[in-house]
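[1] what's the 3D shape of this:
(chains A, B, C and D)
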Amino acid sequence: MENLIALLVAAPLLGAAVLLCGGRRLDAVGHWIGVLMSSASFVFGVILFADLLGKDAEHRTLMQHLFSWVPVEGFQADVAFRLDQLSVTFVLLITGVGSLIHLYSVGYMEHDERRRRFFGYLNLFLAAMLLLVLADNYLLLYVGWEGVGLASYLLIGFWQHKPSAATAAKKAFLVNRVGDMGLSIAIMLMFTTFGTFAFGPVLSHTGDTSEGKLTAIGLMLLLAACGKSAQVPLQSWLGDAMEGPTPVSALIHAATMVTAGVYLIVRSGAIFNAAPDAQLAVTVVGAVTLLFGAIVGCAKDDIKKALAGSTMSQIGYMVLAAGLGPIGYVFAIMHLVTHGFFKAGLFLGAGSVMHGMNDEVDMRKYGGLRKYMPVTFITFGLGYLAIIGFPGLSGFFSKDKIIEAAFAKGGTEGWILGTCALLGAAITAFYMTRVMLMTFFGEERWKNQPTRSPEAPSAEPAAEHHGEHAEPHPHESPKVMTIPMIVLAVGSVFGGAFFSIGDRFLHWLEPVTGHSEGDSPLSAAAVTGGTMVCLLIGVGIAWAMYGRRPVPAVAPRGSLLTRAARRDLLQDDFNHVVLVRGGEHLTRSLVYVDHTLVDGVVNGTAASVGGLSGRMRKLQNGFARSYAVSMFGGAAILIAATLLMRAV
Amino acid sequence: MNPVNYLYLSALLFTIGATGVLIRRNAIVVFMCIELMLNACNLAFVTFSRMHGNLDGQIIAFFTMVVAAAEVVVGLAIIVSLFRSRHSASVDDASLMKL
Amino acid sequence: MSFPLLTATAVLPALGAVATAAVPAARRTAAKWLALVVSLATLALAITVLVRFDPDGGRYQLTESHAWIADFGVRYELGVDGIAVALIALTALLMPFIILAGWHDADPLETGSRRWRPTQGFFALILGVEAMVIISFEATDVFLFYIFFEAMLIPMYFLIGGFGDRAHEHGEEAASTQRSYAAVKFLLYNLVGGLIMLAAVIGLYVVAGNFSLQEIAEARANGSLHMATNTERWLFLGFFFAFAVKAPLWPLHTWLPNAMQESTAPVAVLITAVVDKVGTFAMLRFCLQLFPEASKWATPAILVLALISIIYGALLAVGQRDIKRLVAYASISHFGFIIMGIFAMTSQGQSGATLYMVNHGISTAALMLVAGFLISRRGSRLIADYGGVQKVAPVLAGTFLIGGLATLSLPGLAPFVSEFLVLVGTFTRYPAVGIIATFGIVLAALYTLVLYQRTMTGPVKQEVSAMPDLRARELLVVAPLIVLLIFLGVYPKPVTDIVNPAVKSTLSDVHKKDPKPSVEAAK
Amino acid sequence: MSATAVHSLWTTAAAGTDSISKIPAPKIEYGQLSPTLIVVGAAIVGVLIEAFVPRRSRYYAQVFVSAVALCAAFAAVVALAADGYGTTKAHIAAMGAIAVDGPSLFLQGTILLAGLVGLFTFAERRLDPEAHGNRVDSFAAQAASVPGSDSEKAAVKAGFTTTEVFPLLLFAIAGMLVFPSANDLLTLFVALEVFSLPLYLLCALARRKRLMSQEAAVKYFLLGAFASAFTLFGIALLYGYAGSVSYARIAQVVDGTVTNVDPALADTMGNDALLLVGGAMIVMGLLFKVGAVPFHMWTPDVYQGAPTPVTGFMAAATKVAAFGALLRLLYVVLPGLRWDWRPVMWAVAIVTMLGGAIVAITQTDIKRLLAYSSIAHAGFILAGVIATSKDGVSSVLFYLGAYSFVTIGAFAVVTLVRDAGGEATHLSKWAGLGRRSPLVAAVFAVFLLAFAGIPLTSGFAGKFAVFKAAAEGGAAPLVVVGVISSAVAAFFYIRVIVLMFFSEPRPEGPTVAVPSPLTMTAIGLGVVVTLVLGVAPQYFLDLASQAGVFVR
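    Numbers count the residues shown, from 1 in each chain, chains lettered A, B, ... in the order given. Now for the predicted structure:
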């Protein structure tokens, strides 16, 4: 049974290889190969899952050792997989949602002549992501870690002819690299501390070393997580990543890849448990990000960017939970899964809307679409209710638990974190309602005015196939696109309930993550009540602003905060001024230094020797008598020197 | 008379000759100065031979004369040909090659 | 007396060079094929060496030893350890690709004198370089090594100065002047290094009385040969300077960008991927074995220089406007890593460094050769002259991207393994150095992706719109390299197994042990 | 004849006890002096040929005689060496005048070979375009006729050639053969003049650019005579110091082994001032011949002005002979003074190496360039001389052997590159030679690389040998300076290579004349020796090290 694990990774990898090397002759069937491979690995996942279920809780861990990868003296890195409750959860999420999105893409990318390549990249991503969650040591995890980075780079920049896309892709990779630095340093620290970096030994020996070392490792892991999961301060890439095709945004930048950071933290729980300071840092990052993302989400008019903000903020929730330690791990993962469902659904919905609207992304040019695309409206709506935590839907359970846990952290920290979480819930409700209203309700702002007005450039070139400046004719998307949306909607409706009733999910994961009930200052009921209140407030304000009053087709100037939020709270501008400009100056001056100083010294020496030569050459003036003089002088010196030698 | 004085004389002659080489322009004169130096050498040889009481120095003096004579032959030949082609025996005019 | 395999491996290309040079002017293509065949035959021999070499056997194997110049205490002594074997294999492996890639680089534009045969010369010189490089990897006699270490410069010099990119932004005249400037710079830098080494070599003879690496190393080990501290340090510096020029290490690096910029892509590969490796290899083999104490004494300074090379090279790569210069500075950064790994004096560091030499050779070859194909199509080296190539030549762009990803050492590709080993190996002994060096990987990503973005993505430039995709020959050059990159990235064990024992004995020469982890978690 | 021989003859006569018949005839080992004697004899025959053989056939007769003589002499040298005169039977012949030992035989051999190769370049008659239907060599039709005058034209028309050059060459070689083996100061001086005077004349005999040629001769002659005057005075002083001119005797006095000093002579005998000044003056004379800074200034002008074959021969053979004499002087006569002259020689060596290398950088004439490079090489050799060890001697011998062939070969190549005005020696004209005639350019490149001391050429082996000796002799700083100056020197050798191969050929550039087998042999021999001594020098190193001992 263990041997299946490798197949999980192998299937999509094979798919990627075939699709990318296959050449044009595969264009016709390429996308179906992609779908086949992803669903194949989903099937394997299910089989393995069933196998695990068969075992009793303690022995639900499958290991597969393939071969010794980098054997050097003390440094032994193997290619080995570990399939336990945690990883299998991810496997199912990744392959499941992945397969759905593959299916969706078949329809969505229909008109793109490079569709084969697109599916190749998607498969590559699946393979890397599975490698990430299945790896049995940090170095192998690192491979998956960068692998998904590469896939996301390729997919964000899929439409490379658009400078914006290429830039966004590059930015994403670079920011992630900064995070990867953290991961590699963490691995080095582990190696020096434990002499290994395999999960088993490292996590079981955390007791034997100093807290300082563990804190260092923890912080480095956190840095890595920030990069991958778009947490402050490394969140800036996620917004731009929306340049990629929408299915990519749904799969990579909502459901799976961006949650890798959470996986890393939960997986390394043992380290964080032993390093409270690192944990605190994690919670802080989480709390800050969940507010940051939420605020950004409120101000964006680009539907995908708005959703991106919300992704950021939701992952903030997860990280926050993961930072709370054993209290939160389970709920972090649980929220991760439910979020996977409804956020993916939302993105697909957004994609479907754009598909029907000539790839218009500016919500101010939407409105009243519910009549035209009912399925999209319903699925999107369900996703909406799920994310704001409408009672009974999945978001409600998972998010509520996290808020509880935050309070349960105890002490002032607990209060602060809890309040942040609550606040976040309120803002979430606000911006999601805003999206909902602007898109599906209100008057139809897209009537009698061409889309793709200069200030809202299109994200998708598929427009080239529809008329450029024609008035859009909203229409429902084809089945191949709607079916995945429906499935995901179902998931986002019932997922939470399914997990929480009888704490199924808790008991499932406990053996891996461990669990402890914190002593919450507030009763669970109180928290839920508070959440409900926040929710209502958020929705209310949104209704007041966008439901009752008509939405202006051109964004109003807005308050200072709004304008800041539109620009990702100026964080990008900071990067630009400090890093980009500064870097440019640095490199330019270094180039100058290399040319004038380092090279100059050498050339200078050469030149000076040449000059000396020129001057000495003048002595050779062609007059025999002056030669005689030099001989005479030389003789004199020779004699004098000889005598002198004797004298001294 | 103390033979050492002859040595001083020869040294003096040698120096005069050398100086002549350095300051005179006419090749012939320069050459004569060189001959003078050789003669100074001869004087020294003879003197030393006297002091040591062996004849080597005097023999050498003969040899030197022979050599000097040969030198004159060659030297004059060269200088004359130079003079004929340039109509000047000045060593300073002969400075085509420099630097 | 068995078959002198090592000599054969070196002599074959030498003979091939002579033969190639002798091919008449009219039969240009024959010369090319001849060169290719010879290089393949050499590869076969190198593989035989690889097979005959027993990793668990003695330190130096397949040894040959003959009297040569008794007066100078010089013997013709050959022998290979794991490190040498790996590098010989690399050299022999890359040559066919270099030759194939340079297939048309030396076709004469104008037919000069009847006896003027640039093509024959080009390939003959390449083979000559191969012969000299191989023998300097094999030499276990310091003098023998030195001779070829120096002699190598001459053919390289003609390759750089004599053959350049076809089209040039300022016309052929300017091109030739720039070329000869680059060539002279290359030669003088390395010659000065070599001459300073010559002084040290003579000094070594005065101290040791012979040049046999093994004898001297043994004598050092069992104390029968004592060097005064200062003598050892001076000699070490003499050797190291030459190797640092060759490697090249900051601040002795400025010849490399010019050389790589002006020479054709295959020659540029020859420089960084093959010839420069002799420098780093020699640090491992000679500096550490002959002067262990001095090596340890110099380690801090060298590490700092290596660190500067890493960061400085990467930053300058970011600032370049010329594709080849960019790759050159990237290589400087990578050589910083290699040297850092060597002088970290840990088994991970040195195994990593050796592996790095091999991987860097392959990855640079891949990147540079594709870049060469690109340049040959557009006739310009300036990044700004490209854009949107991905659209018109997807395969070219794809291979270029893979080469770039290898350069930024993406996990799954070969360079990642070696780079990480070097970093870990350094980190275990000098954490600060390791951490600073890690910034290098971010910068690497920066310059590679910027290069890719500017050249391959974005709207299609007018000049590149008609650019053909990779031809069969070019694909034949690139594909195997890429396969190799992936294979060694996934399964480097074959190389590490060969290298590890050699590294172990090198470390024992300098009396260094790996630092122990504070917790014995590993089972 | 030698001084001591003569004087013993005189003194016995002065004793006057017995009748003249009792005078013992001086004992001369003709066999051991045969190389010199053969050459001298041939020279005299050459003179006779000039006198009696009709002009048409003179050239052939001269070449034949000279070639035969040189080969015979070389054979004699080999025979002597084989007979063990170089090692076991080494002794002092001709009543103390001539030392027959390793160094002298080795150097004589080298000189003879160099002379032979030189002879080939002298005899080359295919390079210059035929004048009025008769082949001409690179020497003036009639030295006496004024350049550009009618008489000259007439001489050319008549097809005159200066076949005297061959006897002159032989005389010079004879002098050079004696020079390094001279074992007393008088012989030294005589030999010096014997090989200098013919050279002075040869310098004046160029066919083209006669004014420059004559000027070179004048400069060389005046300065040479000036230098030899110094030498002679030095000899006088040493004689005054030791009361004898024989090396052995002087050496003994220097060591103080001779104690029975007549008090009356106390102020001269054993007076160190005389010794030091005298020694310095003689050394200066020799340094002038090897062209060491600051006595080098004649070198560039003379090398440039002299007919190129003469330059090549001079550059090679003169250095060999002069360094041989210098070695013998310093190792046999003045070893006791080592601590006095070594520091001075250090200084000379350093300024010579650096001076030669640095000034060469900015030269624009290939012959002057080679002149300066020869100066730099003199510096390198001096480094070996200073080692004052057996290794030092043998390394110098080896270096001289290697160097002389490279030099002659290089100058021979220079004779090939010609344009309307004869040889095109200006560097700018060599641009793109590699494109026009790759072979010639390649050969010249080999010579240049050998000069630069690149491994696998004789230059490297030689340089390594002398530096090794110097380092072992405790002159490490000298080695470092040497290394630095070789780096500087490398620059201008490379410059020429760049010029030949990497720069575009000029349309009005020179043509490369196709030489006769004579010059080809000269060049080919140069290349072969260069490579053989570079790759497998062991045999010759053995030869040199066996020859490394002076007889005292």
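[2] going forward, measure contacts between C-alpha atoms and count neighbours the same way
    Will do.
[3] next, the contact list for residue D:330, please.
    Applying C-alpha atoms under 8 Å, 6 or more residues apart in numbering or on different chains to residue D:330 gives the contacts residue D:338.
[4] residue D:316 falls within a helix, correct?
    Yes. Under DSSP: H, G, I helix; E, B strand; the rest coil, residue D:316 falls within a helix.
[5] tally of neighbours for it?
    A count of nearby residues for residue D:316, using other C-alpha atoms under 10 Å in any protein chain shown, gives 28.
[6] ok, it touching residue D:113?
    No. Residue D:316 is not in contact with residue D:113 according to C-alpha atoms under 8 Å; the separation is 10.5 Å.
[7] mind telling me what element residue 38 is part of?
    Using chain A. helix A:30-54 (DSSP states H and E).
[8] you answered for a different chain; I wanted chain B.
    Using DSSP H and E, residue B:38 maps to helix B:27-52.
[9] quick one: the very next helix or strand once past that helix near chain D?
    Downstream of helix B:27-52, the first helix or strand assigned by DSSP H and E is helix B:56-86. Yes. Helix B:56-86 is in contact with chain D by C-alpha under 8 Å from any C-alpha of the partner chain, via B:56-57, B:59-60, B:63, B:67, B:71, B:74-75, B:78-79, B:81-82, B:84-85.
[10] any idea which of those is closest to chain C?
    residue B:85 (42.2 Å; C-alpha to the nearest C-alpha).
[11] tally of neighbours for that closest one?
    Applying other C-alpha under 10 Å, I find that residue B:85 has 18 neighbouring residues.
[12] got the contact list for it?
    Residue B:85 touches D:146-147, D:211, counting by C-alpha under 8 Å, 6+ apart.
[13] neighbours of residue B:8, how many?
    For residue B:8, using other C-alpha under 10 Å, the count is 13.
[14] would you say it is within a strand?
    No. Using three-state DSSP, the assignment for residue B:8 is helix, not a strand.
[15] which secondary structure element contains residue A:77?
    If you go by DSSP H and E, residue A:77 is part of strand A:75-83.
[16] what's downstream of that strand, the next helix or strand?
    Downstream of strand A:75-83, the first helix or strand assigned by DSSP H and E is helix A:85-108.
[17] on that earlier part again, what angle separates the helix holding residue A:38 from helix A:85-108?
    160 degrees (axes from the mean of the first three to the mean of the last three C-alpha atoms, to 10 degrees).
[18] the residue nearest to residue A:205 when sequence neighbours are not counted - how many residues pack around it?
    Among residues not flanking residue A:205 along the chain, residue C:521 sits closest, at 6.4 Å (C-alpha to C-alpha, 6 or more residues apart in numbering or on different chains). Residues lying near residue C:521 (other C-alpha under 10 Å) number 21.
[19] does residue C:521 touch residue A:202 like I think?
    Yes. Residue C:521 is within contact range of residue A:202, at 6.5 Å (criterion: C-alpha under 8 Å).
[20] find residues that contact each of these two.
    Between them, residue C:521 and residue A:202 share the contacting residues A:194, A:196, judged by C-alpha under 8 Å, 6+ apart.
[21] model confidence over the helix or strand where residue C:131 lies, on average?
    Assessed by DSSP H and E, residue C:131 sits inside helix C:118-138. The pLDDT scores in helix C:118-138 average 93.
[22] tell me what the helix holding residue B:38 is packed against?
    helix B:4-23, helix B:56-86, helix D:210-242 (3 or more C-alpha pairs under 8 Å, 6 or more residues apart in numbering or on different chains; DSSP states H and E).
[23] next SSE after the last one?
    Pointing back at helix D:210-242 there. Following helix D:210-242 in sequence order, the next helix or strand is helix D:247-255 (DSSP H and E).
[24] residue D:273 contacts residue A:643, doesn't it?
    Yes. Between residue D:273 and residue A:643 there is a contact at 7.4 Å, judged by C-alpha under 8 Å.
[25] just to revisit the earlier point, format the helices and strands packed on helix B:27-52 as TSV; extra columns: distance to residue C:284 and mean pLDDT.
    Putting these into TSV (distance: least, C-alpha to C-alpha, whole Å; pLDDT from 0 to 100) gives the following:
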stretch	distance to residue C:284	mean pLDDT
helix B:4-23	61	93
helix B:56-86	65	92
helix D:210-242	55	93
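[26] near chain D, which residues of chain C?
    Checking chain C against chain D by C-alpha under 8 Å from any C-alpha, the hits are C:68-72, C:112-113, C:115-116, C:147-148, C:150-151, C:161-162, C:176-177, C:180, C:184, C:188, C:191-192, C:195-196, C:198-199, C:202-203, C:205-206.
[27] returning to that earlier point: name the nearest of the contacts of residue B:85 relative to chain B.
    The nearest one, if we look at these relative to chain B and count by C-alpha to the nearest C-alpha, is residue D:146, at 5.2 Å.
[28] which secondary structure state does the closest one sit in?
    coil.
[29] identify all contacting residues around stretch A:631-648.
    Around stretch A:631-648, the neighbours that count as contacts under C-alpha under 8 Å, 6+ apart are D:273, D:276-277, D:280-281, D:284, D:294-295, D:339-341, D:343-344.
[30] of the residues you listed, closest to residue D:544?
    Proximity of those to residue D:544 (C-alpha to C-alpha) peaks at residue D:341, which lies at 24.6 Å.
[31] just give the nearest non-adjacent residue to the closest one, would you?
    residue A:642 (6.3 Å).
[32] interface residues of chain B facing chain A?
    B:21-23, B:25, B:91-92, B:94-99.
[33] which of the residues you listed come close to chain C?
    Applying C-alpha under 8 Å from any C-alpha to these, none is adjacent to chain C.
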